[in-house]
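Peer 1: Pasted the sequence and its predicted model underneath.
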Amino acid sequence: MVKIAFQPVAGQKPEKELIDGDKTEILIPHPPEDDLAPPLRPKKNPLNGLCCLTFGLVVFMTSLVLASIYIYRYYFIPQQIREENLFHCRVLYEDSIYAPLRARQELEENVGIYLKDNYEQISVPVPHFGGSDPADIIHDFHKGLTAYHDIALDKCYVIELNSTIVMPPRNLWELLVNVKKGTYLPQTYIIQEDMVVTGRVHNLRQLGAFIYRLCNGKDTYWLKRRNPRKRIDKRRASSCHHIRHLENTFVVETVICDAV
């Protein structure tokens with residue numbers, strides 16, 4: 001005879017543990033009532049989801065605002081400043097050097113003023129009249145040097161900056177702003193400065209980053225000023241080149257002559 005009984009889980013004592021000699025008792029474990037019932041899931045509070053969503057939106061909006069500030073500060077503002085520091089100039093002046101052979105002349109140039117780096121860059125295109133070369137000019141007030149790139153010759157010339165003629169970046173910027181507004185017009189006369197080549201520049205890096213960038217890969221020479229000015233004879237006049245540009249309230253004609 002076989003007797004089947006359910007054995008309680010640990011912690012519960014069986015009601016009867018005796019086994020008769022002629023009886024075989026098979027004990028089957030009986031799971032507790034707690035294991036039979038399905039697990040209960042805690043109810044979610046709707047406020048928790050709303051708080052998470054609100055926090056995510058706040059983080060997203062904050063990131064968007066910071067990104068917009070970064071883009072405006074580092075891309076839009078510098079571009080705006082660069083545009084405000086670029087000028088296109090047209091100036092009429094009396095050519096007193098060659099008058100009365102010539103009437104009033106017009107000078108056209110592009111000027112970039114970089115206040116932070118303390119230098120000016122002037123680009124003179126091919127003039128409408130003859131006798132002057134197109135050129136790129138850099139006045140580096142930090143290095144105290146001026147460099148002329150004669151585009152017609154594709155040569156560079158470097159000389160000590162003449163602060164009595166060349167206006168500092170801040171002053172020139174204010175002058176050109178007033179000219180652009182029409183509140184001030186430069187005086188319409190021209191002065192001349194004569195320079196002569198003294199030797200070749202072998203180390204361009206000593207001239208600073210801006211002049212190096214202008215003259216790198218070009219034949220570069222040192223200049224010195226001729227003072228007082230001597231009359232240039234016809235033989236030497238053929239080896240001289242003229243660059244007219246505006247860097248003050250008057251037009252300057254720079255005459256660069258090769259060494260004799």
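Peer 2: On my side now, so go ahead.
Peer 1: With just CA atoms, put whichever strand or helix holds Tyr212 into PDB.
Peer 2: Assigned by DSSP states H and E, Tyr212 belongs to helix 209-215. Output of helix 209-215 as PDB, limited to C-alpha atoms (Å, rounded to 0.1, in the frame of the first residue of the first chain):
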ATOM      1  CA  ALA A 209      54.400  86.400 -38.400                       C
ATOM      2  CA  PHE A 210      52.500  89.000 -40.500                       C
ATOM      3  CA  ILE A 211      55.400  90.200 -42.600                       C
ATOM      4  CA  TYR A 212      56.700  86.600 -42.900                       C
ATOM      5  CA  ARG A 213      53.300  85.600 -44.300                       C
ATOM      6  CA  LEU A 214      53.400  88.500 -46.800                       C
ATOM      7  CA  CYS A 215      57.000  88.000 -48.000                       C
END
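Peer 1: packing partners for it?
Peer 2: strand 135-140, strand 145-150, strand 155-160 (3 or more Cβ pairs under 8 Å, 6 or more residues apart in numbering; DSSP states H and E). Glycine gets a C-beta too; all of them are placed from N, C-alpha and C.
Peer 1: Tell me which stretches of the stretch 101-250 of the chain form strands.
Peer 2: 105-114, 119-124, 135-140, 145-150, 155-160, 190-200, 219-225, 240-246 (DSSP state E, counting those that start in this stretch).
Peer 1: which stretch among those strands comes nearest Val59?
Peer 2: With Cβ to Cβ, the closest approach to Val59 among the strands of the stretch 101-250 of the chain belongs to strand 105-114: 39.6 Å.
Peer 1: Name the strands paired with the closest one and say parallel or antiparallel.
Peer 2: With DSSP bridges as the test, strand 105-114 is paired with strand 86-93 (antiparallel), strand 119-124 (antiparallel).
Peer 1: returning to that earlier point: mean pLDDT and mean neighbour count added to the strands of the stretch 101-250 of the chain, as TSV?
Peer 2: Below are these laid out as TSV (pLDDT from 0 to 100; neighbours: other Cβ atoms under 10 Å):
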stretch	mean pLDDT	mean neighbour count
strand 105-114	91	18
strand 119-124	96	21
strand 135-140	97	24
strand 145-150	97	24
strand 155-160	96	20
strand 190-200	92	15
strand 219-225	95	17
strand 240-246	93	20
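Peer 1: Export the ones you listed to CSV and append columns for distance to Gln206.
Peer 2: As requested, the strands of the stretch 101-250 of the chain are exported to CSV (distance: least, Cβ to Cβ, whole Å):
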stretch, distance to Gln206
strand 105-114, 20
strand 119-124, 16
strand 135-140, 12
strand 145-150, 10
strand 155-160, 10
strand 190-200, 13
strand 219-225, 11
strand 240-246, 23
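Peer 1: who wins for proximity to Ile211 among the ones you listed?
Peer 2: strand 145-150 (4.3 Å).
Peer 1: What helices and strands are in contact with that closest one?
Peer 2: Strand 145-150 packs on strand 135-140, strand 155-160, helix 209-215, strand 240-246, strand 251-257, going by 3+ Cβ pairs under 8 Å, 6+ apart.
Peer 1: Can you say which of the ones you listed is nearest to Gln192?
Peer 2: That would be strand 251-257 among these, by Cβ to Cβ, at 4.6 Å.
Peer 1: Show the average pLDDT along the closest one.
Peer 2: When pLDDT is averaged along strand 251-257, the result is 93.
Peer 1: now the helices: where do they sit in the stretch 1-150 of the chain?
Peer 2: In the stretch 1-150 of the chain, the segments counted as helices under DSSP state H, counting those that start in this stretch are 33-36, 46-71, 77-84.
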